[in-house]
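Student: Just need the structure, nothing else, for what follows:
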Amino acid sequence: MKAFRIPGPSARSRRRAWITLGLVLTLLATAPCLAAPPEGTSLFNLRLEQGGGEGGEPSVVVQIFLLLTVLSLAPSLLIMLTAFTRIAIVLSVLRQAIGTNSMPPSQVIIGLALFLTFFVMAPVWQQVNTDALQPFMEKRIGQGEALEKAAGPVRAFMFRQTREKDLAMMMDIARAPKPRGMEDVPTTVLIPSFIISELKTAFQIAFMLYVPFLIIDMVVASVLLSMGMMMLPPVMISLPFKLMLFVLADGWHLIVGSLVKGFA
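Tutor: Next up is the predicted model:
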């Protein structure tokens with residue numbers, strides 16, 4: 001008769017036992033560190049101190065918050081308050097009028113519009129830097145005065161490009177009193193008036209660019225139809241002629257020059 005033997009623990013069970021023992025010892029060793037903190041203190045403390053600068057300047061945290069807010073609105077300000085809208089629309093319509101839907105690429109169109117915007121707005125930004133930014137960084141003027149002086153050149157630029165009809169419409173919608181001068185026009189009224197005027201000007205320029213290329217398409221389509229080539233796409237034949245016309249007329253020079261001079 002065989003003796004009954006109780007099987008011993010396996011290797012896996014021994015490893016689990018050692019791991020459990022190690023965790024218990026670790027918890028016992030770190031127990032003093034996990035004790036509750038003294039009364040009135042916390043493990044995580046975020047403190048916003050008041051601004052200690054002279055003249056009631058805001059604290060660093062508030063300044064960082066305002067800076068992040070301005071940076072988040074920077075794309076909208078660049079698109080809507082500068083020459084970018086008109087330039088981007090005209091270049092995009094020009095590409096469609098020629099018939100090259102992907103040439104130049106969208107990255108090239110946006111990049112060209114962006115650098116042309118920097119070129120057009122350089123005098124305005126230089127005046128803002130001289131009148132508002134540098135005095136504010138040197139603490140010669142306060143934040144409110146700096147914002148007021150920075151808005152002056154930008155408002156003057158928008159006034160030059162805004163039609164009186166669009167400005168009058170927005171003033172009427174806002175039910176604002178009749179202004180006696182540019183200083184009496186609120187910025188909240190000037191910005192949409194400027195955007196509407198820029199869109200109208202951009203579409204007018206785009207229409208004038210589209211007409212010559214449309215005429216070439218119509219002539220080529222009529223010639224192909226008279227020759228009985230109805231299955232041949234007219235765009236395939238008219239594209240080389242439109243490119244040749246655009247190159248011979250030095251189109252990029254004329255269009256970019258007209259766009260930049262239009263903001264002078």
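Student: What ranges does this protein have for its helices?
Tutor: Along the chain, counting by DSSP state H, helices occupy 11-29, 60-80, 84-98, 106-128, 134-137, 143-161, 164-174, 187-226, 234-248, 251-261.
Student: Confidence-wise, which helix or strand of this protein is lowest on average?
Tutor: helix 11-29 (a mean of 57; mean pLDDT, DSSP states H and E).
Student: Val108 is in contact with Leu95, correct?
Tutor: Wrong residue type there; residue 95 is Arg, not Leu. No - taking Cβ atoms under 8 Å as the definition, Arg95 is not a contact partner of Val108, at 9.6 Å. Any C-beta I mention is one placed from the backbone N, CA and C, and that applies to glycine too.
Student: The two: which has the busier surroundings?
Tutor: Neighbours were counted for Arg95 and for Val108 using other Cβ atoms under 10 Å; Arg95 has more, 17 against 12.
Student: so who does that one touch?
Tutor: Counting by Cβ atoms under 8 Å, 6 or more residues apart in numbering, Arg95 touches 101, 103-104, 109.
Student: Columns pLDDT, distance to Phe241 and neighbour count on top of those residues, output as TSV?
Tutor: Below are the contacts of Arg95 laid out as TSV (pLDDT from 0 to 100; distance: Cβ to Cβ, whole Å; neighbours: other Cβ atoms under 10 Å):
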residue	pLDDT	distance to Phe241	neighbour count
Asn101	72	17	7
Met103	77	16	10
Pro104	81	19	14
Ile109	87	23	16
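Student: out of those residues, who's nearest Leu214?
Tutor: Set against Leu214, the nearest of the contacts of Arg95 by Cβ to Cβ is Asn101 (15.7 Å).
Student: got a pLDDT number for the closest residue to the closest one other than its chain neighbours?
Tutor: Closest residue in space to Asn101, ignoring its immediate chain neighbours: Arg95 at 7.1 Å, by Cβ to Cβ, 6 or more residues apart in numbering. pLDDT recorded at Arg95 is 85.
Student: Now do Arg95 against Asp184, distance only.
Tutor: Arg95 sits 42 Å away from Asp184, going by Cβ to Cβ, to the nearest Å.
Student: for Glu164, same thing?
Tutor: From Glu164 to Asp184 the distance is 14 Å (Cβ to Cβ).
Student: so how many other residues sit close to the residue lying closest to Leu81 once chain neighbours are set aside?
Tutor: Leaving out its chain neighbours, the residue that sits closest to Leu81 by Cβ to Cβ, 6+ apart is Val154, at 6.3 Å. As a burial measure, Val154 scores 21 neighbours (other Cβ under 10 Å).
Student: Equivalent analysis for the one 10 residues further on, please.
Tutor: Neighbour count for Glu164, taken as other Cβ under 10 Å: 9.
Student: on that earlier part again, columns distance to Ile79 on top of the contacts of Arg95, output as TSV?
Tutor: Shown next, in TSV, are the contacts of Arg95 (distance: Cβ to Cβ, whole Å):
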residue	distance to Ile79
Asn101	23
Met103	24
Pro104	20
Ile109	14
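Student: Nearest to Ala168, out of the residues you listed: which one, please.
Tutor: Nearest to Ala168 among the contacts of Arg95, with distances taken as Cβ to Cβ, is Ile109, at 33.7 Å.
Student: What residues does that closest one make contact with?
Tutor: 88, 91-92, 95.
Student: Ala113 now?
Tutor: 84, 87-88, 91.
Student: can you rerun that using 10 Å?
Tutor: Taking Cβ atoms under 10 Å, 6 or more residues apart in numbering, we find Ala113 in contact with 79, 83-92, 259.
Student: ok, so of these, who is nearest Phe207?
Tutor: Nearest to Phe207 out of the contacts of Ala113 is Val90 (Cβ to Cβ; 10.4 Å).
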